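Q: I'd like to go over a predicted model; first the sequence, then the structure.
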Protein chains: 2
Amino acid sequence: MSTVTSTLPTPATRMPAAERRELILASATEVFGEHGYAGTTTDQVAQAAGISQPYVVRMFGTKENLFLEVMGRALGKLKVAFREVIAESASPDETAHRLGAAYADLITDRGILLALMQSFVQGGDRVVGEAARCGFLEIYALLRDEAQLTPEQVRDFLAHGMLFNTLIAIQLPLAYDTSADARELMDVAFGAKLQKVLGAAGSKK
Amino acid sequence: MSTVTSTLPTPATRMPAAERRELILASATEVFGEHGYAGTTTDQVAQAAGISQPYVVRMFGTKENLFLEVMGRALGKLKVAFREVIAESASPDETAHRLGAAYADLITDRGILLALMQSFVQGGDRVVGEAARCGFLEIYALLRDEAQLTPEQVRDFLAHGMLFNTLIAIQLPLAYDTSADARELMDVAFGAKLQKVLGAAGSKK
DNA sequence: GTCTATAGGATGATAGAC
DNA sequence: GTCTATCATCCTATAGAC
């Protein structure tokens, strides 16, 4: 019998580089979002993307660079979402009103918000910190200049966004059924977006 | 010459266990606050506390347990600070007003707020997450029941607190002198507390 | 484009001396 | 109460085959 040209253990289907990049970035966003920069291994990302660990490194050079690209991608999606709202709104006040719902919608884009939050707590890192500061300021400037909100309006929007992030990060929805306090806090914090949030939380693996 | 009873390399001065515990917890709070749970090594904590790595583990059993104790300690300090404000205030509205300043004061207690934030982003962890949810709800209940704020008031206070945490985490004060946007955002977000915040940020190692 | 093998460097925790 | 020595594991990154 001739040597069987070994069918290797599921070598991931060939895929154009650009597509694979996006797939890895999406997977990495989820994993980094849940475990943080240091808490995530390149192997976890690889498994989430269905490829080998060295290939992840090969494609992004270093874990740090992968994280930076995840940040950039997340920030980009944030901007797109905000600009959509701005374009659809007739006045700054309407923008301010709609922005909250748009932010809540981003929870559907698995990990985006959590990955950004993970980048914030990494602010002490020289390179990640610099990127986080720049990114945060870009959002601030966008809301002030393009959405034409006052600094106070931007501040309040960002504040409630950070609370939103935090409640999602600690997975408060898990306590919705067992704690009256949790229910009350979520009701007052999420308002009309509650159902959407609970839905997204429920779909967690 | 008789064998010299070796003077070991600076064996940390003997200290009662309780005192050493507190010293380690304080050091750990700073390190965990800056690098997060996974990003912190027990050796970093040990060095910050001026003792050996195994001794840290010996005293707290596991790194996870050390982190949980850091969380508990930070939460305790938060409660104490809030209750002081409540006791000194004549009305819920006055409490609401003063609470912000009290929160900003906590930035002096190196790492407390950042360590808590690090616990939030660790919310996906079974045991840390549970502790984070409980802790957050305790604060919510305290502000509502003891400070007698409305759920909406508590939400808004927490929201601005989370923004405060975030701006500190990304070390925005570093950009205060070089970015007009950073200056504007910090002015509107910190208000009267700005000087205190800048002072604390400047004292960073 | 993707994988296997593996080097090289931490890191958490244990054992046991002083 | 505190340290030294050390193990076992894990993890990023490289080398090189297919």
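A: Yep, it's here.
Q: DNA strand D contacts on chain A?
A: A:40, A:41, A:42, A:43, A:53, A:54, A:57, A:58, A:61, A:62, A:63, A:64 (C-beta under 7 Å from any atom of the strand). All C-beta spots, glycine's among them, are computed from the backbone N, C-alpha and C.
Q: can you get me a residue count around the third one?
A: A count of neighbours around residue A:42, defined by other C-beta atoms under 10 Å in any protein chain shown, yields 18.
Q: before we move on, what about the last one?
A: For residue A:64, the count of nearby residues is 13 (other C-beta under 10 Å).
Q: hmm, back to that, buried ones among the residues of chain A next to DNA strand D?
A: A:40, A:42, A:57, A:63 (16 or more other C-beta atoms under 10 Å in any protein chain shown).
Q: about what we covered before: among the residues of chain A next to DNA strand D, which lie within helices?
A: A:42, A:43, A:53, A:54, A:57, A:58, A:63, A:64 (DSSP state H).
Q: can you add pLDDT and give the residues you listed back as JSON lines?
A: JSON lines is the format used below for these (pLDDT from 0 to 100):
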{"residue": "A:42", "pLDDT": "98"}
{"residue": "A:43", "pLDDT": "98"}
{"residue": "A:53", "pLDDT": "98"}
{"residue": "A:54", "pLDDT": "98"}
{"residue": "A:57", "pLDDT": "98"}
{"residue": "A:58", "pLDDT": "98"}
{"residue": "A:63", "pLDDT": "98"}
{"residue": "A:64", "pLDDT": "98"}
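Q: tabulate those (JSON lines), appending distance to residue A:184.
A: JSON lines is the format used below for those (distance: C-beta to C-beta, whole Å):
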{"residue": "A:42", "distance to residue A:184": "41"}
{"residue": "A:43", "distance to residue A:184": "41"}
{"residue": "A:53", "distance to residue A:184": "44"}
{"residue": "A:54", "distance to residue A:184": "49"}
{"residue": "A:57", "distance to residue A:184": "46"}
{"residue": "A:58", "distance to residue A:184": "49"}
{"residue": "A:63", "distance to residue A:184": "40"}
{"residue": "A:64", "distance to residue A:184": "41"}
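Q: roughly how far apart are the residue most central in space within chain A and residue A:45?
A: Nearest residue to the geometric centre of chain A (C-alpha atoms, centre = their mean): residue A:112, 0.9 Å. Residue A:112 sits at a distance of 16 Å from residue A:45 (criterion: C-beta to C-beta, to the nearest Å).
Q: what do you get for residue A:88?
A: From residue A:88 to residue A:45 the distance is 35 Å (C-beta to C-beta).
Q: who's more crowded, the two?
A: residue A:45 (26 against 11).
Q: ok, now which ones touch that one?
A: A:24, A:27, A:28, A:31, A:32, A:56, A:66 (C-beta atoms under 8 Å, 6 or more residues apart in numbering or on different chains).
Q: confidence score at it?
A: pLDDT for residue A:45: 98.
Q: once you drop chain neighbours, what's closest to it?
A: In space, and not counting its chain neighbours, residue A:45 is closest to residue A:28: 4.6 Å by C-beta to C-beta, 6 or more residues apart in numbering or on different chains.
Q: ok so, going back, including distance to residue A:140, could the residues of chain A next to DNA strand D go into TSV?
A: Below are those laid out as TSV (distance: C-beta to C-beta, whole Å):
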residue	distance to residue A:140
A:40	27
A:41	33
A:42	32
A:43	36
A:53	37
A:54	39
A:57	34
A:58	36
A:61	30
A:62	29
A:63	28
A:64	25
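Q: okay, now the unreliable bits of chain A?
A: Regions of chain A meeting the criterion pLDDT under 70 cover residues A:1-10, A:202-205.
Q: let me know the helix or strand that the residue nearest to residue A:45 is in.
A: Using DSSP states H and E, residue A:28 maps to helix A:17-39.
Q: so that helix, near DNA strand C or not?
A: Yes. Judged by C-beta under 7 Å from any atom of the strand, helix A:17-39 comes into contact with DNA strand C at A:17, A:20.
Q: let me know the angle separating that helix from helix A:53-60.
A: In terms of direction (axes from the mean of the first three to the mean of the last three C-alpha atoms, to 10 degrees), helix A:17-39 departs from helix A:53-60 by 110 degrees.
Q: up against DNA strand C, what does chain A have?
A: So far as C-beta under 7 Å from any atom of the strand goes, chain A lies against DNA strand C at A:8-9, A:11-17, A:20, A:50-55, A:58.
Q: buried ones from those, can you make that a PyMOL selection?
A: To isolate the buried members of these in PyMOL, using 16+ other C-beta under 10 Å:
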select buried, chain A and resi 20+51
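Q: so which strand or helix has residue A:186?
A: Assigned by DSSP H and E, residue A:186 falls in helix A:180-190.
Q: ok, now residue A:131?
A: Going by DSSP H and E, residue A:131 is part of helix A:126-141.
Q: and that helix, which residues are buried?
A: Buried, per 16+ other C-beta under 10 Å, within helix A:126-141: A:128, A:129, A:131, A:132, A:133, A:134, A:135, A:136, A:137, A:139, A:140, A:141.
Q: ends of stretch A:147-155, what's the gap?
A: 13 Å (C-alpha to C-alpha, to the nearest Å).
Q: anything in the one helix or strand residue A:100 maps to near chain B?
A: Element membership for residue A:100 (DSSP H and E) is helix A:92-105. No. In terms of C-beta under 8 Å from any C-beta of the partner chain, no part of helix A:92-105 sits within range of chain B; the closest distance is 11.6 Å.
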